[in-house]
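A.B. asks: model the structure of this input:
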Amino acid sequence: MYFIVCEEGIIETDRRGFEETPGGIGIFDEEEWSMELEPKKDFSLSQKEEGVFFCRLETHASYLLGIFHVPVKRKERRSFNFAVYILKDRLIFVEEDFTIKNIILAIQKRIGAEKYTMGEFLADFFMALVEEDILYLASLEREIADMEEMVLSGGTEYFHYRMLRIKKEISRLYCYYCQMADVGEILSGREQTCRRFFERVDRMKQEAQALREYAMQVQDVYQSEISIHQNNIMKFLTVVTTIFLPLTLIAGWYGMNFYNMPELQWQYGYPVISIISLLVIIVSLWFFKKKKFF
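C.D. replies: Sure thing, here's the model as predicted:
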């Protein structure tokens with residue numbers, strides 16, 4: 001599929017128009033690109049988009065070579081890879097699906113009737129790659145905030161698994177924005193109109209870093225809540241142990257059954273010891289309640 005960027009906007013064209021008119025955009029899949037011997041020979045273009053897990057823009061003598069892995073940001077969508085060759089007066093995209101075509105058609109609908117240039121198209125195209133990212137980052141922030149409320153309300157079930165997934169996602173996006181920021185810096189040096197793309201990606205990189213720090217803070221809150229819970233358990237066990245310690249002493253003392261023990265032959269010995277044990281429990285509970293140990 002071929003397009004032309006001109007003053008009227010983006011116009012669909014044929015192979016001849018792409019080759020003969022400045023501002024041409026060509027979109028090839030892997031099979032089509034493998035048959036394009038002439039462009040490869042003229043510009044030494046041989047890079048394909050398969051097996052890519054990074055974003056990079058290389059500067060060559062007569063063109064720029066971009067290799068991109070755009071990560072998925074919604075469940076109903078999937079990650080996609082593509083390669084782009086930025087020549088002096090045209091662009092060549094290599095991809096396996098129709099994502100690039102859909103992006104170009106969306107840009108075509110948005111642009112007005114003013115004079116439109118290849119530099120503006122480059123800026124609009126790369127802006128489209130991160131257009132909805134700020135909404136996705138906001139959804140991650142809300143998810144972290146919900147987890148924080150859950151932890152503070154005492155719910156800690158599956159916290160580690162959920163937080164690990166979020167931290168991995170934030171780390172993935174942060175690396176992506178760092179790479180795209182480098183791409184934006186190179187593009188803005190070539191086309192001033194791409195400066196806004198660089199600024200947008202830099203802001204989202206900072207937002208991803210802030211989300212990473214927020215996630216770490218929530219994890220610290222979780223650890224604090226776990227420590228408080230454990231301290232409460234230890235306090236309860238300490239209170240129980242302290243209450244039953246004098247009872248253990250009484251049971252041990254009067255369990256020796258020496259013949260000359262005064263209470264051994266006394267008919268009221270057992271009831272008296274039972275009452276003393278009950279008083280010990282009542283006094284201990286009153287004392288701990290007064291000291292706010294529980």
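
A.B. asks: residue ranges of the helices in the stretch 1-150 of the chain, please?
C.D. replies: For the stretch 1-150 of the chain, applying DSSP state H, counting those that start in this stretch gives helices covering 15-20, 30-34, 37-43, 99-110, 118-129, 133-152.

A.B. asks: shaky segments in the stretch 101-250 of the chain?
C.D. replies: By pLDDT under 70, the low-scoring segments of the stretch 101-250 of the chain are 112-114.

A.B. asks: I figured residue 242 hits residue 285, correct?
C.D. replies: No: look at residue 242 against residue 285 with Cβ atoms under 8 Å: they stay out of range, at 10.5 Å. For every residue, glycine as well, the C-beta is placed using N, CA and C.

A.B. asks: ignoring the adjacent residues along the chain, who's closest to residue 293?
C.D. replies: Closest residue to residue 293 apart from its sequence neighbours, by Cβ to Cβ, 6 or more residues apart in numbering: residue 239 at 5.7 Å.

A.B. asks: domain-wise, how is this structure divided?
C.D. replies: What automatic domain parsing lists as the domains of the chain is 2-129, 134-228, 232-290.

A.B. asks: if we can go back for a sec, looking at the helices of the stretch 1-150 of the chain, which is nearest to residue 73?
C.D. replies: Nearest of those to residue 73, taken as Cβ to Cβ: helix 133-152 at 4.3 Å.

A.B. asks: what comes into contact with the closest one?
C.D. replies: Applying Cβ atoms under 8 Å, 6 or more residues apart in numbering, the contact partners of helix 133-152 are 73-74, 156, 159, 162-163, 166, 169-170, 173, 204, 207-208, 211, 214-215, 218, 221-222, 225.

A.B. asks: those residues in helices, which ones?
C.D. replies: Secondary structure from DSSP state H places 159, 162-163, 166, 169-170, 173, 204, 207-208, 211, 214-215, 218, 221-222, 225 of those in helices.

A.B. asks: in PyMOL, select just the buried ones from these.
C.D. replies: PyMOL command restricting these to the buried ones, with burial defined by 16 or more other Cβ atoms under 10 Å:
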select buried, resi 159+163+166+169+170+173+204+207+208+211+214+215+218+222+225
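
A.B. asks: gap between the most centrally placed residue in the chain and residue 144?
C.D. replies: The centroid of the chain falls nearest to residue 170 when counting by Cα atoms, centre = their mean (2.4 Å). According to Cβ to Cβ, to the nearest Å, residue 170 stands 9 Å off from residue 144.
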